[in-house]
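# any chance you could fold what I've pasted below:
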Amino acid sequence: MLCPCGTNIEYNKCCETIISNAKKARSPEQLMRSRYTAYAIKNSQYIFNTYSSASQKKQSLQEIDTWAKDTQWLNLYVLGGSEYINNARPTVTFEAIYKNNGSFYKMREKSLFVKENDHWRYVDGSDLTFDELNTPKRNDVCFCSSGKKYKKCCGK
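Okay, the predicted model is just below:
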């Protein structure tokens with residue numbers, strides 16, 4: 001199985017090693033990709049654990065779990081990022097396509113990260129947008145990048 005994070009690498013050689021704590025994320029982008037994958041595979045505990053300690057206080061594991069279970073994550077596009085320079089916290093900007101309650105959406109976020117105890121952690125997101133997308137027509141290419149027509153893929 002290819003990793004949901006969009007790297008075209010097998011899951012067991014990509015985000016699974018980070019989600020299982022066999023390796024730690026080496027960069028904010030790698031952490032962001034592993035968090036996306038955790039949403040895709042419905043691992044809410046990992047998502048909660050990778051929030052910064054300050055952000056964890058504002059989160060509910062139950063709410064994360066409900067959101068993960070109700071949402072089908074289809075595609076991730078990393079648009080860019082910044083490095084840790086002059087005490088400015090690094091960011092990663094991405095777009096994600098998902099399906100929730102029968103509708104498709106494109107979410108865009110600029111994620112902020114911090115290093116705590118030598119581990120990258122997610123702080124929060126800014127420049128957040130959620131756009132509802134038209135459901136693909138039967139013969140359109142599916143949002144999930146399978147290359148298949150919608151009717152033969154997520155439209156089943």
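# where do the helices of the protein begin and end?
For the chain, the helices defined by DSSP state H cover 15-19, 28-41, 44-49, 53-56, 61-70.
# quick check, central residue of this protein?
Residue closest to the mean C-alpha point of the chain, counted by Cα atoms, centre = their mean, is Y36 at 2.0 Å.
# so for that residue, what's the pLDDT?
Y36 is assigned 96 on the pLDDT scale.
# turn the helices of the chain into JSON lines, including distance to K156.
Glycine gets a C-beta too; all of them are placed from N, C-alpha and C. Listed next are those as JSON lines, based on distance: least, Cβ to Cβ, whole Å:
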{"stretch": "helix 15-19", "distance to K156": "26"}
{"stretch": "helix 28-41", "distance to K156": "18"}
{"stretch": "helix 44-49", "distance to K156": "26"}
{"stretch": "helix 53-56", "distance to K156": "37"}
{"stretch": "helix 61-70", "distance to K156": "19"}
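# which stretch among these comes nearest D124?
helix 53-56 (6.1 Å; Cβ to Cβ).
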